[in-house]
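Student: sequence first, then the predicted structure, then my questions.
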Amino acid sequence: MDIFRTCIEWQEQGKDFVLVTVTETEGSGPGRRGFKLLVSEEGELTGTVGGGALEYNTVEKAKEILAERKVSEYHTFDLAEIGMSCGGRTGLFFEYRPSKKQFVLFGGGHIGRAITPVLESLGYQVTIFDSRESVKEFANPDTGRQVIINPYGDISPDKDRVLSAGRCLIFTHGHDGDFDVLRQLLRLPGDFTYIGMIGSKRKVKTLFDRLKKEDIEVPQYVYAPVGLNICGNTPAEIAVAIAAEIIAVHNSVEIPGMRLG
């Protein structure tokens with residue numbers, strides 16, 4: 001039961017992982033049918049398939065599956081071939097479990113509403129942070145979409161959610177709101193995977209200059225102006241440009257985005 005409890009915890013934390021189950025044994029190997037091992041994308045391990053060289057090779061195989069995002073794979077290890085004197089064979093089922101990664105959107109206007117369903121189709125669970133009561137109706141319990149109504153000047157009540165997500169988009173309904181949010185995010189104790197902020201290059205440079213005057217450095221995970229330059233101006237086109245950049249960053253692909261720096 002501890003294994004399955006950890007599965008739930010890792011999914012809630014936005015971690016991808018592989019669940020490995022011993023399905024077949026032959027000879028006197030260390031594993032027994034039903035043994036389970038979890039391997040997270042950060043290299044965390046829970047459970048066991050028997051230890052020793054079998055476990056080492058199993059973890060290495062799980063890392064390959066995580067990197068390639070294979071849905072599932074069955075693999076048999078010949079224990080003698082991997083240096084185990086006990087001999088025999090062990091069959092293992094590797095199951096890739098992609099988590100529901102989190103995204104926090106600061107702004108539930110036209111662009112926020114356009115990109116939210118796109119992010120959800122990519123497997124993200126979206127939380128929208130907005131200062132306007134009218135945005136409440138955009139919540140959707142079917143997808144887990146939540147809406148938080150709070151002034152942009154104070155995101156501290158939800159800093160744990162923001163840090164846990166590690167991914168944010170900023171498109172409030174004003175430059176001051178964008179600046180307030182970005183400044184608070186960069187002052188939080190922790191790194192992010194991705195922060196995207198909309199705006200012209202002139203606007204973004206102005207906001208960056210204001211941050212420098214407050215001795216706040218702009219790290220590489222800030223993408224502003226956000227998105228790829230596909231010359232689209234409608235909310236739907238902008239959403240596609242942003243989503244394409246998010247996918248590229250997630251896959252560690254170098255792309256010619258619009259951000260400064």
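Tutor: Arrived safely, thanks for sending.

Student: tell me where the model's unsure across the chain.
Tutor: Low-confidence segments of the chain (pLDDT under 70): 1, 261.

Student: check contacts around the residue positioned nearest the centre of it.
Tutor: What sits nearest the mean C-alpha location of the chain, by C-alpha atoms, centre = their mean, is Lys101, with 4.2 Å. Applying C-beta atoms under 8 Å, 6 or more residues apart in numbering, we find Lys101 in contact with Gly14, Gly123, Tyr124, Gln125, Ala165, Arg167. Every C-beta, even on glycine, is put in place using the N, C-alpha and C of the backbone.

Student: one more time with 7 Å, if that's ok
Tutor: By C-beta atoms under 7 Å, 6 or more residues apart in numbering, the contact list for Lys101 reads Gly14, Gly123, Tyr124, Arg167.

Student: tell me which two of those sit farthest apart.
Tutor: Farthest pair in the contacts of Lys101 (C-beta to C-beta) is Gly123 and Arg167. Separation: 12.0 Å.

Student: show me which of these two is the more surrounded one.
Tutor: More crowded of Gly123 and Arg167, by other C-beta atoms under 10 Å: Arg167, with 23 against 10.

Student: where's that one relative to Lys203, distance?
Tutor: Distance, Arg167 to Lys203, using C-beta to C-beta, to the nearest Å: 22 Å.

Student: over to Phe77?
Tutor: 57 Å.

Student: more neighbours: which of these two?
Tutor: Neighbour count, other C-beta under 10 Å: between Phe77 and Lys203, Phe77 has more, with 21 against 16.

Student: and the more buried one, what are its bridge partners?
Tutor: Thr90 (DSSP bridges).

Student: contacts only, for it.
Tutor: By C-beta under 7 Å, 6+ apart, the residues touching Phe77 are Leu54, Asn57, Arg89, Thr90.

Student: tell me the domain ranges of this structure?
Tutor: 2-97, 101-250 (automatic domain parsing).

Student: need these in TSV with distance to Arg259, can you?
Tutor: TSV is the format used below for the domains of the chain (distance: least, C-beta to C-beta, whole Å):
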stretch	distance to Arg259
domain 2-97	23
domain 101-250	5
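
Student: which one, of these, ends up nearest to Pro256?
Tutor: Distance to Pro256, taken as C-beta to C-beta, is lowest for domain 101-250 among the domains of the chain, at 7.3 Å.

Student: that closest one: end-to-end distance?
Tutor: 11 Å (C-alpha to C-alpha, to the nearest Å).

Student: and for stretch 13-31?
Tutor: 29 Å.

Student: what of stretch 223-238?
Tutor: Taking C-alpha to C-alpha, the first and last residues of stretch 223-238 lie 14 Å apart.

Student: off-centre distance for it?
Tutor: Between the centre of stretch 223-238 and the centre of its chain there are 21 Å (C-alpha atoms, centre = their mean, to the nearest Å).

Student: check stretch 210-230 too.
Tutor: Using C-alpha atoms, centre = their mean, the offset of stretch 210-230 from its chain centre is 20 Å.

Student: kindly report the same for stretch 233-248.
Tutor: Distance of stretch 233-248 from the chain centroid (C-alpha atoms, centre = their mean) equals 17 Å.
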